[in-house]
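[1] Task: produce atomic coordinates for the following.
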Amino acid sequence: MKLAARRRLANLGVLAPPLLWTMLFMFVPYAIMFAYSFYRKQFPIFIPDIQFGNYLLLLTDPQYYTVLLRTLKIALLVALASLFLAYPLAYFLVFKIRSARVRAGLYMAVIVPLWVSYLLRAYTWKTILGSQGVLNSFLVWTGLLSEPTDLLLYNQFSVVLTLTYIFIPFVVMPIYTALEKIPRNLVEASHDCGVGPVQTFLSVTLPLSVPGILAGVTFAFCLTFGDFVAPTLVGGPNATMIASVIQSQFGTALNWPLGAALSIVVLIIVLAIISLSDRFERAGRLNLG
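    Numbering: from 1, shown residues only. Okay, the predicted model is just below:
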């Protein structure tokens, strides 16, 4: 009994610090923000008032759900664009590069941009897409344009392009890991049975890499959904995203209750996406099993 009690105390001692940290720096801030979402703004202070006016405003004011739908669209486009670029790259690294040293070097080349400042990477695309940027200068030099154009910057296209570049490493990593775990004998057995490379990919490689695909797409979608820096730098009025609205409510508008309500809505959507992704992944594992 003494040994069992000591083990329970030891386990409790191991679990207590991370649980306390999570409670203190995650659940407590969320609880405070949730409470603020029911406050009422009465300039220059916020009054505790159990009412749903902030949430009703999000449902009745078209500017808020328009921005929310735009954010969903941009996040989905970024997730799909990142997937279409990341999957062939990860597949090439795992199945086409024979040298482990070369593979590791190329993989590190994908990860290295994460060590660079987020702002610097976003500003890079602002420099490239600007009217006096590299791309405009190249198009004018080749004669495709007679003069620089402003259509490449401050729109939804520039936001999707910038966020795809920024978040694509988060899609490559889980897909690379999933592909690397696929037993090579399964692929070889498929070839030995006379199955072509395309059919082998569709029946063996792709289904076994679904967990990596779901993880990568979820990463890209959720990170894009909560981003406000890139839309501020390279987006325009038609590319404003929900995180930018939240930032303005807590900043210039000084309407913390409405900003808190928006934050709660975003949190619910992100948690729903993560739960849906987890459910699809579990269902895929059961089907493969």
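
[2] which residues of this structure fall in strands?
    Listed in chain order, the strands of the chain (DSSP state E) span residues 40-42, 45-47.

[3] hmm, who's touching the last one?
    Spelled out, that is strand 45-47. For strand 45-47, contacts defined as CB atoms under 8 Å, 6 or more residues apart in numbering pick out Tyr36, Tyr39, Arg40, Lys41, Trp256, Pro257. Backbone N, C-alpha and C define where each C-beta goes, glycine included.

[4] Of all the residues in it, which ones are buried?
    Phe46 (16 or more other CB atoms under 10 Å).

[5] Quickly run through the sheet partners of that strand, with directions.
    Take DSSP bridges as the rule and strand 45-47 pairs in its sheet with strand 40-42 (antiparallel).

[6] In the strand it pairs with, which residues are buried?
    Applying a neighbour-count criterion of 16+ other CB under 10 Å, one finds Lys41 buried in strand 40-42.

[7] Now the strands of the chain in CSV, please, with extra columns for distance to Leu69 and mean pLDDT.
    Supplementary listing: the strands of the chain in CSV, determined by distance: least, CB to CB, whole Å; pLDDT from 0 to 100:
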stretch, distance to Leu69, mean pLDDT
strand 40-42, 25, 80
strand 45-47, 28, 77
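
[8] would you turn those into TSV with distance to Val140?
    Supplementary listing: those in TSV, determined by distance: least, CB to CB, whole Å:
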stretch	distance to Val140
strand 40-42	50
strand 45-47	52
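
[9] Tell me which of these sits nearest to Gly53.
    Gly53 lies closest to strand 40-42 among the strands of the chain, at 6.7 Å (CB to CB).

[10] Tell me which residues are up against that closest one.
    Surrounding strand 40-42, the residues in contact under the criterion CB under 8 Å, 6+ apart are Phe46, Ile47, Pro48, Asp49, Gln51, Gly53, Leu254, Asn255, Trp256, Pro257, Leu258.

[11] hmm, which of the residues you listed are the buried ones?
    Among those, those that count as buried by neighbour count (16+ other CB under 10 Å) are Phe46, Asn255, Trp256, Pro257, Leu258.

[12] List the contacts of the last one.
    This means Leu258. Lys41, Asn54, Leu57, Gln249.

[13] How about Leu135, nearest residue that isn't a chain neighbour?
    What sits nearest to Leu135 in space, not counting adjacent residues and going by CB to CB, 6 or more residues apart in numbering, is Ile128, at 5.4 Å.

[14] To clarify, my last question referred to Pro48.
    Leaving out its chain neighbours, the residue that sits closest to Pro48 by CB to CB, 6+ apart is Tyr39, at 5.7 Å.

[15] cool, Ser158 as well?
    Among residues not flanking Ser158 along the chain, Val234 sits closest, at 4.3 Å (CB to CB, 6+ apart).

[16] Please verify my assumption that the residue nearest to Leu135 contacts Ser137.
    No. Counting by CB atoms under 8 Å, Ser137 is not a contact partner of Ile128; they are 9.9 Å apart.

[17] For these two, indicate the residue with more neighbours.
    Comparing Ile128 with Ser137 by other CB atoms under 10 Å, the one with more neighbours is Ile128, at 20 against 15.

[18] how much space between that one and Leu152?
    According to CB to CB, to the nearest Å, Ile128 and Leu152 sit 8 Å apart.

[19] before we move on, what about Ala16?
    53 Å.

[20] Over to Pro62?
    Counting by CB to CB, the gap between Pro62 and Leu152 amounts to 29 Å.
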